[in-house]
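[1] next come a sequence and a model predicted from it.
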Amino acid sequence: MILDFDLMCLTPYHFIVQLFASGVVFSCDAKQNQKDLTERTFLKLKEYALFFSECANEFYNIIQLFPSSMIAAVCIYFARKCCNLERSWNESLEDYTQYKEKDLTEIIKAFQIYLGDVI
């Protein structure tokens, strides 16, 4: 007898890729012309977000306590901070993710505890 299981778990990576594919991560900044936003900035933003996602996967407490979509949102938040974008969280991200910045404060603190030297 062959068992044909098809198991899948949505990780923060899946949510980050979806957020970048939707264009919501960068759209408000491009409209407001806050800075010279180049392709390089976009690539760095994505690289940082995926890096923070990988870091979060190493800490079971973060993965256990928070949903993957919230972890992905905080990864975007910190990536935007690293790229010196004027606002780390904006209305477009709130609308798309349904997370307000105040909803993310607990997980932001958890990230700072576990990844203090990185952030």
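    Arrived safely.

[2] okay, now Ser88: neighbour count?
    Residues lying near Ser88 (other C-beta atoms under 10 Å) number 19. C-betas here are computed from N, CA, C, even on glycine.

[3] for it, helix, strand, or coil?
    Following DSSP: H, G, I helix; E, B strand; the rest coil, the label given to Ser88 is coil.

[4] so what's it up against?
    77-78, 80-81, 101 (C-beta atoms under 8 Å, 6 or more residues apart in numbering).

[5] same question, Phe52
    74-75, 78-79, 111, 115, 118.

[6] mind doing that once more with 6 Å?
    Contact analysis of Phe52 by C-beta atoms under 6 Å, 6 or more residues apart in numbering lists 75, 78.

[7] next: Pro12.
    53, 68, 71-72.

[8] swap in 8 Å and give it another go.
    53, 56-57, 68-69, 71-72, 75.

[9] JSON lines for those residues, including distance to Thr11, neighbour count and pLDDT?
    Conversion of those to JSON lines gives the following (distance: C-beta to C-beta, whole Å; neighbours: other C-beta atoms under 10 Å; pLDDT from 0 to 100):
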{"residue": "Ser53", "distance to Thr11": "8", "neighbour count": "23", "pLDDT": "93"}
{"residue": "Ala56", "distance to Thr11": "10", "neighbour count": "25", "pLDDT": "89"}
{"residue": "Asn57", "distance to Thr11": "7", "neighbour count": "14", "pLDDT": "87"}
{"residue": "Ser68", "distance to Thr11": "6", "neighbour count": "18", "pLDDT": "93"}
{"residue": "Ser69", "distance to Thr11": "10", "neighbour count": "17", "pLDDT": "94"}
{"residue": "Ile71", "distance to Thr11": "8", "neighbour count": "26", "pLDDT": "95"}
{"residue": "Ala72", "distance to Thr11": "8", "neighbour count": "28", "pLDDT": "95"}
{"residue": "Cys75", "distance to Thr11": "11", "neighbour count": "25", "pLDDT": "95"}
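
[10] of these, which is the nearest to Val17?
    Using C-beta to C-beta, Ala72 is the member of those that lies nearest Val17, at 9.0 Å.

[11] helix/strand/coil for that closest one?
    helix.
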